[in-house]
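Trainee: pasting the sequence and the predicted model now:
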Amino acid sequence: MKLSRYVVASPVISNRTDRRPRRILLSTRSSRVATVAAPTWDALTKGDTSVLEASSASALAEAGILVDDHADELGTVLEENKAAIASDAVLRHVIQPTAACQLGCDYCGQEHFALQMSIQRQDALLRRLRRQLEGGGYRDLAISWFGAEPLLGIKTMRRLSPLLCDLASDLQVGYSSTMVSNGMRLTPAIVSELEAIHRVCAVEVTLDGPEAIHDERRPAKNGSSSFARILANLVAVANDPEIGIELNIRCNVDRANADYVTELIGLLSREGLSNRVKLSFAPVYSWGNDAGAASLTPADFAEREIEWFAQMHNCGYELDLLPRRKPIVCLAVRRDGELTDARGTVFNCTEVSYVPTYGDPNRYAVGTLEHADRAQTPPFHAFNDEVAEGKHSQCASCHMLPACGGACPKQWSEGNSPCPSSKANIGQRLMLWYALARE
Ligand code: SF4
Ligand code: SF4
């Protein structure tokens with residue numbers, strides 16, 4: 001047996017009782033955690049497994065931390081990924097019911113305009129989804145409402161949602177949906193409708209800091225502020241006992257707001273949201289623009305994130321510290337994963353529609369609703385094969401690959417490195433996870 005290439009270790013820690021130095025290990029392939037004595041880890045990294053007693057070796061093998069001497073782990077992980085894509089029974093489709101948005105965020109690469117998806121395009125979308133559901137052996141249809149701001153397309157949604165539910169019911173497949181919203185119209189009345197009519201089970205809203213910094217980054221196009229209204233909506237929704245929707249708050253972080261994140265964590269907690277919402281942080285990246293120029297370095301982001309996690313724990317937020325196996329990296333690699341914008345253009349990626357720098361016609365478009373040719377490999381779709389062929393050497397040699405999947409094929413294609421923060425702070429995440437598990 002040998003040490004799996006897909007194991008990451010914490011720094012050395014000491015147990016409170018016996019004070020023996022040890023490390024916490026995570027198999028990014030099995031998502032299992034184990035602790036070993038620090039000298040044992042040192043021996044394993046040198047290829048020496050003779051230090052292990054038979055029972056320990058067997059437990060580590062069972063956790064995927066030790067593997068067969070001749071195992072081709074990269075090949076197996078990539079084959080598992082491809083098998084998961086081939087057998088995935090959920091047809092995922094992202095719908096942009098409108099091209100309009102009230103906000104003018106400084107890092108947004110989209111161009112917004114007052115267009116709703118026409119009835120003809122809605123019907124063409126329903127026909128396309130029917131064909132895909134019938135031909136793909138799917139068991140579920142999962143819709144994501146996305147923008148621009150999808151709630152400015154609520155009229156379109158009100159027509160489409162019942163038809164989508166009818167389609168799913170007609171074909172005897174399950175139906176669910178989620179939404180990414182800017183939060184401006186996310187009142188309790190709208191959320192109740194989202195749950196009851198549109199069967200939305202989770203919504204994600206972005207807050208980029210306390211009021212002044214958020215409003216600087218995410219002002220309304222008419223110049224007015226947005227923070228107070230979004231926060232009031234979130235608090236009202238969170239306090240409505242009739243509403244059970246999952247609330248996710250995302251904070252996009254770069255050098256301009258990094259020092260204010262702790263304030264946001266405390267503010268949301270004082271508003272009573274810490275045990276009702278999930279809060280996560282994402283680095284600002286280039287979105288067909290140069291927004292990534294203001295990014296923190298990955299190391300700086302990763303270090304700060306651990307401090308934010310610790311503060312979140314003290315405030316009562318739920319933490320998601322350890323990455324799990326991710327065989328399907330994103331929409332782009334799915335069999336029929338697509339996004340349809342309000343113009344009826346079809347993409348297989350969520351970050352390219354309405355982005356003028358990608359040209360007209362958009363160079364990433366797969367086609368239109370009636371003429372999207374999936375016979376040709378769409379952009380980013382062959383990512384796993386490309387890793388196998390050695391095109392993405394960073395991912396091919398990375399111990400995080402099973403849990404990361406390569407993060408974002410589009411970012412790689414544009415020459416950016418999309419590695420998640422966990423690559424840089426997994427050791428600290430493991431230490432925090434261990435400390436919290438023992439509280
Ligand atoms: S390629 Fe990147 S941007 Fe496109 S859907 Fe996948 S993760 Fe998102
Ligand atoms: S994107 Fe980065 S962290 Fe993920 S597998 Fe590739 S190199 Fe590793």
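Mentor: It's in. Ligands and ions are numbered 1, 2, ... in the order given.
Trainee: tell me which residue of the stretch 201-350 of the chain lies closest to ligand 2.
Mentor: Closest to ligand 2 within the stretch 201-350 of the chain is Val329: 8.8 Å, counting by CB to the nearest ligand atom. Every C-beta, even on glycine, is put in place using the N, C-alpha and C of the backbone.
Trainee: hang on, that residue in a helix?
Mentor: No: Val329 is assigned coil when assessed by DSSP: H, G, I helix; E, B strand; the rest coil, not a helix.
Trainee: what number of residues lie near it?
Mentor: A count of nearby residues for Val329, using other CB atoms under 10 Å, gives 21.
Trainee: could you report the separation of Ala84 from Ala59?
Mentor: From Ala84 across to Ala59, the span is 27 Å (CB to CB, to the nearest Å).
Trainee: dump the residue contacts of the residue of the stretch 201-350 of the chain closest to ligand 2.
Mentor: Val329 makes contact with Asn81, Phe383, Cys404, Gly405, Gly406, Ala407, Cys408, Pro409 under the criterion CB atoms under 8 Å, 6 or more residues apart in numbering.
Trainee: and if we set it to 7 Å?
Mentor: Residues counted as contacts of Val329 (CB atoms under 7 Å, 6 or more residues apart in numbering) are Phe383, Gly405, Gly406, Ala407, Pro409.
Trainee: separation between the last one and ligand 2?
Mentor: Spelled out, it's Pro409. From Pro409 across to ligand 2, the span is 9 Å (CB to the nearest ligand atom, to the nearest Å).
Trainee: so that residue versus Phe380, what's the distance?
Mentor: 4 Å.
Trainee: quick check: neighbours shared by these two?
Mentor: In terms of CB under 7 Å, 6+ apart, Pro409 and Phe380 are both contacted by the residues Ala332.
Trainee: how about the nearest residue to the residue in the stretch 1-150 of the chain that ligand 2 sits nearest to, chain neighbours excluded?
Mentor: As assessed by CB to the nearest ligand atom, ligand 2 sits closest to Thr28 within the stretch 1-150 of the chain, at 9.1 Å. Leaving aside its sequence neighbours, Thr28 sits nearest to Ala403 (CB to CB, 6 or more residues apart in numbering; 4.0 Å).
Trainee: what residues does the helix or strand where the one you found lies touch?
Mentor: Following DSSP states H and E, one finds Ala403 within helix 401-404. Applying CB under 7 Å, 6+ apart, the external contacts of helix 401-404 come out as Tyr6, Thr28, Arg29, Val77, Pro323, Arg324, Arg325, Lys326, Cys395, Pro420.
Trainee: near ligand 2, which residues of the chain? Just list them.
Mentor: Contact residues (CB under 6 Å from any ligand atom) of the chain with ligand 2: Gln394, Cys395, Cys398, Met400, Leu401, Cys404, Gly406, Ala407, Pro418, Cys419, Pro420, Lys423.
Trainee: could these go into CSV alongside distance to Arg218 and secondary structure?
Mentor: Listed next are these as CSV, based on distance: CB to CB, whole Å; DSSP: H, G, I helix; E, B strand; the rest coil:
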residue, distance to Arg218, secondary structure
Gln394, 32, helix
Cys395, 32, helix
Cys398, 33, coil
Met400, 31, coil
Leu401, 34, helix
Cys404, 28, helix
Gly406, 29, coil
Ala407, 24, coil
Pro418, 22, coil
Cys419, 26, coil
Pro420, 23, coil
Lys423, 28, helix
